[in-house]
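Participant: just coords:
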Ligand code: SIN
Ligand code: FE2
């Protein structure tokens, strides 16, 4: 296993499911075009672009990281959470509350994601469910402290990783994309190598 508490489901989504999800993402981007987040304080742009669907979306700008109900550029509410994602969440996590946010990360060939903890959710009991589409990536994961040892493995198109239990607050990131390892995105997103979707429950039930 990758790290204790995490679940890795290689090839969980078949090619037809993957194509359907790419089409779903394409539709999401019509209403909610990818934006370039910047680091709090420094304003340094991320190498990934992002969008969201669901009642809440994760954003980062000079003032910080947060969830908000509207797209940071066009001010529109995020597109609603598609039933296929609600179903995947229910089937795989069994969590008693539905996900409120699906963050969509778009990786160009040279994009990466530094080690971080998904820590902006009030509900830390809920898992985070992560779906990989397109080119493979070298995914790195460690412990709950920044200095803990890490290990890396390849996540491929159709793979699902679930961070739950003691891995929920584990440091993780993407070292690099393995270019041209998939043709899934060639038609719909010719400039994008990899798409990652992460489903999150944000608020705690009743507060
Ligand atoms: C993330 O941690 O937000 C992205 C992880 C991934 O792209 O696999
Ligand atoms: Fe993350």
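Facilitator: On my side now, so go ahead. Computed from a predicted structure; not experimentally measured. Ligands and ions are numbered 1, 2, ... in the order given.

Participant: which parts of this structure sit against ligand 1?
Facilitator: Proximity of the chain to ligand 1, by C-beta under 6 Å from any ligand atom, involves residues 105, 113, 130, 139, 172, 174, 196, 198. For the C-beta atoms, the positions are set from N, CA and C on the backbone; glycine is no exception.

Participant: which SSE is the first one in?
Facilitator: Right, residue 105. Per DSSP states H and E, residue 105 falls inside strand 101-107.

Participant: what is that strand packed up against?
Facilitator: The contact analysis (3 or more C-beta pairs under 8 Å, 6 or more residues apart in numbering; DSSP states H and E) places strand 101-107 against strand 49-53, strand 57-61, strand 194-200.

Participant: turn these into TSV, including mean neighbour count, mean pLDDT and distance to residue 183.
Facilitator: Shown next, in TSV, are the helices and strands packed on strand 101-107 (neighbours: other C-beta atoms under 10 Å; pLDDT from 0 to 100; distance: least, C-beta to C-beta, whole Å):
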stretch	mean neighbour count	mean pLDDT	distance to residue 183
strand 49-53	24	98	21
strand 57-61	21	98	29
strand 194-200	24	98	12
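
Participant: where does the protein have low pLDDT?
Facilitator: 1, 206-207 (pLDDT under 70).

Participant: helices of that one, start to end?
Facilitator: Listed in chain order, the helices of the chain (DSSP state H) span 15-31, 83-93.

Participant: other SSEs contacting the last one?
Facilitator: Counting contacts by 3+ C-beta pairs under 8 Å, 6+ apart, helix 83-93 is packed against helix 15-31, strand 128-134, strand 160-163, strand 194-200.

Participant: quick one: which of the ones you listed is nearest residue 65?
Facilitator: Between residue 65 and these, the tightest spacing by C-beta to C-beta is seen for strand 194-200, at 12.6 Å.

Participant: can you give the strand pairings for that closest one, parallel or anti for each?
Facilitator: Here strand 194-200 is paired, per DSSP bridges, with strand 101-107 (antiparallel), strand 128-134 (antiparallel).

Participant: mind putting those into TSV with mean neighbour count?
Facilitator: Conversion of the strands paired with strand 194-200 to TSV gives the following (neighbours: other C-beta atoms under 10 Å):
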stretch	mean neighbour count
strand 101-107	24
strand 128-134	25
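
Participant: looking at the ones you listed, which is closest to residue 73?
Facilitator: Using C-beta to C-beta, the strands paired with strand 194-200 put strand 101-107 closest to residue 73, at 14.6 Å.

Participant: which other residues reach that closest one?
Facilitator: By C-beta atoms under 8 Å, 6 or more residues apart in numbering, the surrounding residues in contact with strand 101-107 are 25, 28, 34, 47-58, 67, 81, 85, 113, 134-135, 137, 174, 177, 189, 192-200, 202.
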